[in-house]
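1. predicted model follows, preceded by the sequence.
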Amino acid sequence: MRAVEFQEYGGPEVLKVVQADVPEPGPGQVTIDAAHVGVNFADLKARAEGYRVESLPFRPGLEVSGRVRAVGDGVTGLRPGQEVVALVNGGAYAEVVVAETATVFPLPEGLDLRTAAALPTVLPTAHALLHEVGRLRAGESVLIHGAAGGIGTAAGQLARAAGAGAVYGVVSSSAKAGHALKHGYDDVFTDDTFLDDVRRATAGRGVDLVLDPVGGDTLRSGLDALAVFGRLVSFGNASGAEPWHVGQPELYPLGRSVAGFSILALARTAPEALRSLAERAFRTVVDGTVTLPVTAEFPLSDAAEAHRLMGGRTSTGKLLLRTAD
């Protein structure tokens, strides 16, 4: 089978198509004949910085849709030929992918394999950020960084559906604002001025909830953008900045709080909680509450081009790879 791996860290050019043996599922696992594979920023960080890479060569990829090829010992509820979508811990850039059954889901009703490949990381993450972790209540205001990306596109729609009083987005350039405004946002700011923009838009009050995948100085400014009793949820460190520690001086005066979320960590530590979360989140696509636009699709052999597009910070929505050239 074909797969895409890198043997050294670097730019998109280090991604190489290789021939590999078809894997067999172990106990509690299935193999999936991949149809579509999601591209995520975590894949770029793995390639460039070694994020979550235990050894080289490494095969990126966290989400896949396709058909079950084979099932391992002890697997129930899944069968060869069944259409599924799965969250994996890596290795999805391949024609055949191994997945733990706890994070393999039957294809949601009414969805095709192409659309479903955009679900596994985006929808549960957006849902958790707003509801399970962020505790968004009707009438509250929310500020979402990365508003034009996959998670941001979903989070804007989910916040609107939850009755948020105001949904503000932050994008890296004004060219992306139009995309976000079509997906639930009332106003969209750029990352170089968002703190002043929030203060202006809220008459100095601030927002009730901030969702931040960037970290570093952006996280610090996000904390300053919070209203009294506001909450900030960190779900990434795209900036690559050193971890920042927040404590009593920042939180006590206005009763602010900070929380965190990682879908991959939840999959590892509490797979049943992830499964319940994912099932709730997937229903919002099935019932039409959320639409996930796939804005670009590349053959598996052109994974490097997908990385260039995402890394250039000009992409919007969700990017996919397809295994059939």
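-> Great, that's in hand.

2. and this protein, what are its domains?
-> Residue ranges for the domains of the chain, per automatic domain parsing: 2-119+292-322, 123-264.

3. can you tell me which of these is nearest to Glu272?
-> With Cβ to Cβ as the measure, domain 2-119+292-322 is the member of those nearest Glu272 (7.3 Å). Heads up, the C-betas are built off the backbone N, CA and C, glycines and all.

4. what about that closest one, start to end distance?
-> Start-to-end span of domain 2-119+292-322 (Cα to Cα, to the nearest Å) is 12 Å.

5. which residues does the longest helix belonging to the chain contact?
-> Ranked by residue count under DSSP state H, the longest helix found in the chain is helix 271-286. Applying Cβ atoms under 8 Å, 6 or more residues apart in numbering, the contact partners of helix 271-286 are 87, 100, 102-103, 105, 108-111, 115, 119-120, 123-124, 126-128, 132, 158, 161, 263, 266-267, 290-292.

6. repeat for stretch 159-176
-> Contacting residues not belonging to stretch 159-176 are listed as 130-131, 136, 138-148, 152, 156, 177, 180, 184-191, 194, 197-198, 201-202, 207, 284, 289-290, 313-314, 316 [Cβ under 8 Å, 6+ apart].

7. what's the ChimeraX syntax to select whichever of those residues are buried?
-> ChimeraX command restricting the contacts of stretch 159-176 to the buried ones, with burial defined by 16 or more other Cβ atoms under 10 Å:
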select :130,131,136,140,141,142,143,144,145,146,147,148,152,156,177,180,184,185,186,187,188,189,191,194,197,198,201,202,207,284,290,316
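
8. among the contacts of stretch 159-176, name the ones in helices.
-> Judged by DSSP H, these include Gly152, Gly156, Ala177, Ala180, Phe194, Asp197, Val198, Ala201, Thr284 as members of helices.

9. how about these in a markdown table, adding pLDDT?
-> Listed next are these as a markdown table, based on pLDDT from 0 to 100:
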| residue | pLDDT |
| --- | --- |
| Gly152 | 96 |
| Gly156 | 98 |
| Ala177 | 90 |
| Ala180 | 91 |
| Phe194 | 96 |
| Asp197 | 97 |
| Val198 | 98 |
| Ala201 | 98 |
| Thr284 | 96 |
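
10. so which two of those residues are the farthest from each other?
-> Farthest apart among the ones in helices among the contacts of stretch 159-176 by Cβ to Cβ are Asp197 and Thr284. That separation is 28.3 Å.

11. in stretch 237-250, which residues are buried?
-> For stretch 237-250, a neighbour-count test (16+ other Cβ under 10 Å) marks Asn237, Ala238, Glu250 as buried.

12. kindly report the same for stretch 106-120.
-> Across stretch 106-120, burial judged by 16+ other Cβ under 10 Å covers Leu107, Pro108, Leu111, Leu113, Thr115, Ala116, Ala117, Ala118, Leu119, Pro120.
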